[in-house]
Every structure is written in C-alpha cells, then in structure tokens.
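**Student:** Can you look at this prediction? I've put the sequence above it.
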Amino acid sequence: MNPALINVSLGLVGMLFTYAFGGWSEILIFLCIAMAADYITGIAAAIKTGDKLNSEIGFWGLTRKGLILLIILIANQLDLLMNTDMIKGGAIYFYLANELISITENYHRIGLPLPAILKRAVSIVKSQSDEEEKNEKESNEKMTKKTNTERDVTNEELETELEVDSNK
C-alpha cells in the first residue's frame with residue numbers, strides 16, 4: 001500500500017478525532033490509557049483466576065469502551081453548543097473514576113499488591129461515585145414522578161374537555 005495514502009488516511013482520522021473530542025487534553029489521554037490498562041488487567045485477571053477467556057465478554061468490554069468515547073464526544077458537542085467547558089470534563093472524570101476502580105479490582109483478582117494510599121483513594125472515589133449515582137437515581141425518580149403527575153393532570157383536563165364537548 002502507498003505510504004502517502006496511509007499518512008493521509010491517518011491524518012484525516014486524527015483530524016476527525018481532534019475535532020470530535022475538542023483536542024487531546026491530558027485527561028482524555030489519561031482516560032484512554034486507563035481504558036487500555038483496564039482491558040489488559042481484565043484479561044490478566046481472567047487468566048490468573050482460571051476463568052476462560054471469552055470473546056463475547058471481550059467484545060462487550062471493547063464495545064463499552066467505545067460507547068464511553070461516544071459519550072465523551074457528545075459531551076464535547078454539548079460544551080460547544082452551550083459555550084461551556086465543564087460537561088466533557090465531568091464526563092471524563094466520571095468514566096476515569098470507573099476505569100480506575102475496575103483496574104484496582106482487577107489487580108486484586110490477580111493478587112498484585114496496591115499501595116494503601118491508592119486503595120483509600122479508590123475507596124473514596126467509589127463511595128463518592130456511589131453517592132452521586134444514588135442522588136442521580138433519586139433525582140430521576142422525582143422527575144419521572146413529576147412528569148407522570150403532570151401527564152395525569154393533562155389527561156384529566158383532556159377527559160374533562162371531551163366530556164364537555166360530548167355534552168354539547
């Protein structure tokens with residue numbers, strides 16, 4: 001294959017990625033490194049524990065990583081749309097915390113030692129993530145309940161209007 005064609009193709013892919021993700025910041029690079037480390041340590045943990053390597057599990061692991069990048073892409077576009085710089089960063093930090101927790105869990109399954117300070121940091125991040133997830137779930141439930149209540153009121157109003165119209 002022509003080396004110039006390869007260079008042009010890689011340049012175009014790089015340009016698209018840079019546009020889609022708003023540039024390659026250090027935190028985005030760190031997330032990609034953490035995603036690779038999580039995948040590799042997951043494979044190592046499966047081998048160490050005697051679990052069979054499963055191509056379907058591997059496929060879904062890679063798919064999950066791709067979907068994480070899709071959310072980061074969407075978050076970047078929302079930042080551009082809303083003229084902010086915090087949505088993409090928040091999404092990256094959220095997924096980075098999950099990846100780091102997964103890596104430490106894989107290290108534990110492999111039997112590798114982790115420094116105590118790292119264990120504590122991950123524990124704190126995990127508890128904060130669990131708390132945020134709980135708050136998000138409660139917020140979504142409240143919003144759903146409010147929406148359903150508004151929908152019920154609207155349905156009652158519609159039924160009342162239909163009764164009035166049918167009585168005419």
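**Tutor:** Here it is on my side, so go on.

**Student:** Need the nearest residue in space to residue 62, chain neighbours excluded.
**Tutor:** Distances taken as Cβ to Cβ, 6 or more residues apart in numbering place residue 39 nearest to residue 62, at 7.2 Å, with adjacent residues excluded. No exception for glycine: its C-beta is placed from N, CA and C like everyone else's.

**Student:** Can you find the helix or strand in this structure with the smallest mean pLDDT?
**Tutor:** Lowest by mean pLDDT, DSSP states H and E among the helices and strands of the chain is helix 116-167, with a mean of 70.

**Student:** Where do the domain boundaries of this protein fall?
**Tutor:** Domain segmentation of the chain under automatic domain parsing yields 25-114, 115-168.

**Student:** For the residue most central in space within the chain, give me the pLDDT.
**Tutor:** By Cα atoms, centre = their mean, the mean C-alpha position of the chain lies nearest to residue 68, the distance being 4.2 Å. pLDDT recorded at residue 68 is 95.

**Student:** same thing with residue 64?
**Tutor:** Residue 64 is given a pLDDT of 94.

**Student:** quick one: it from residue 91, how far?
**Tutor:** 15 Å (Cβ to Cβ, to the nearest Å).

**Student:** Who has more neighbours out of those two?
**Tutor:** residue 91 (20 against 14; other Cβ atoms under 10 Å).

**Student:** Not counting its neighbours along the chain, what's nearest that one?
**Tutor:** Using Cβ to Cβ, 6+ apart, the nearest residue to residue 91 is residue 75, at 4.0 Å.

**Student:** count of neighbours near that neighbour?
**Tutor:** 21.

**Student:** what does residue 99 give?
**Tutor:** 22.

**Student:** which residues does it contact?
**Tutor:** 31, 34-35, 37-38 (Cβ atoms under 8 Å, 6 or more residues apart in numbering).

**Student:** next one: residue 37
**Tutor:** Residue 37 touches 99, 103, counting by Cβ under 8 Å, 6+ apart.
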